[in-house]
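**Student:** here is a sequence together with a model predicted from it:
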Amino acid sequence: MTRNLETERLHLRPFDMTDLPDLVPIYGDEAVMGIRKIGVQTPRQTEAELAGIIDHWRDHGFGLWAVIDKADKTLLGECGLRHSGNGREIEISYGLSKNTWGKGLATEAAFAALDYGFGVAGLAEIVAIARSSNHASHRVMQKLGMHLTKTWESDGVGLVRYRIHRQDYLERR
């Protein structure tokens, strides 16, 4: 089973600890992480997150990929699939550096992740969870064919859940 993915503009591969220096500024960027569920991360927190990403791959055979720009080989962020906080659902996640925003790269990477999830991994459904205020993320979820299924508040933060079933995704693709 291949773990590397290619799109028109991106190379997606599993992370390793050598990615830490390039991931720290992305996870530490208020513009990028301030709208994500986990929030802005310190270098130490980023190291722990990266270790968790690597462990998820080892334990489940899928996870978050390092999103690499094919043109200049730079790390742009992450995108992929992981078990959600409750462990029962598989969630798609994406977070790219601010200089990539508005170029369709999150959508491009997310389609590759869903193709992998529904094709290679044979998943039945995939969810996405985001802050209610993260409208750009909502647009990505909608472009993927996902449907809003729940809104709620947790610790004073509004959240939304989108969902797509394998058959619905395959019919759209």
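**Tutor:** Received it, and whenever you're ready, just let me know what you need.
**Student:** low-confidence bits of the chain, can you list those?
**Tutor:** For the chain, the stretches with pLDDT under 70 are 1-2.
**Student:** all strands of it, in order?
**Tutor:** 5-6, 10-14, 64-69, 75-83, 90-96, 125-131, 147-154, 157-165 (DSSP state E).
**Student:** residue 33: which of those strands is closest?
**Tutor:** strand 90-96 (7.2 Å; Cβ to Cβ). Quick note: C-beta positions are derived from backbone N, CA and C, even for glycine.
**Student:** quote the end-to-end distance of stretch 3-18.
**Tutor:** 18 Å (Cα to Cα, to the nearest Å).
**Student:** pull the residues that contact that stretch.
**Tutor:** The contact list for stretch 3-18, computed with Cβ atoms under 8 Å, 6 or more residues apart in numbering, reads 23, 50-51, 53-54, 57, 63-71, 76, 78-80, 105, 108-109, 111-113, 115-116.
**Student:** could you redo the last one with a cut-off of 7 Å?
**Tutor:** 50, 53-54, 57, 63-70, 79, 105, 108-109, 112, 116 (Cβ atoms under 7 Å, 6 or more residues apart in numbering).
**Student:** stretch 119-138 now?
**Tutor:** 1, 35, 37, 62, 81, 84, 89-92, 114, 117, 141, 146, 151, 157-166.
**Student:** now do 8 Å
**Tutor:** Here stretch 119-138 makes contact (Cβ under 8 Å, 6+ apart) with 1-2, 35-37, 61-62, 81, 84, 89-94, 101, 106, 114, 117-118, 141, 144, 146, 148-149, 151, 157-166, 169.
**Student:** relative to residue 69, how far out is residue 81?
**Tutor:** Using Cβ to Cβ, to the nearest Å, residue 81 is found at 21 Å from residue 69.
**Student:** now do residue 173
**Tutor:** From residue 173 over to residue 69 the distance is 24 Å, taken as Cβ to Cβ.
**Student:** which one of these two has more residues nearby?
**Tutor:** Neighbour totals were compared for residue 173 and residue 69, and residue 69 leads with 15 against 11 (other Cβ atoms under 10 Å).
**Student:** no further queries at this time; thank you.
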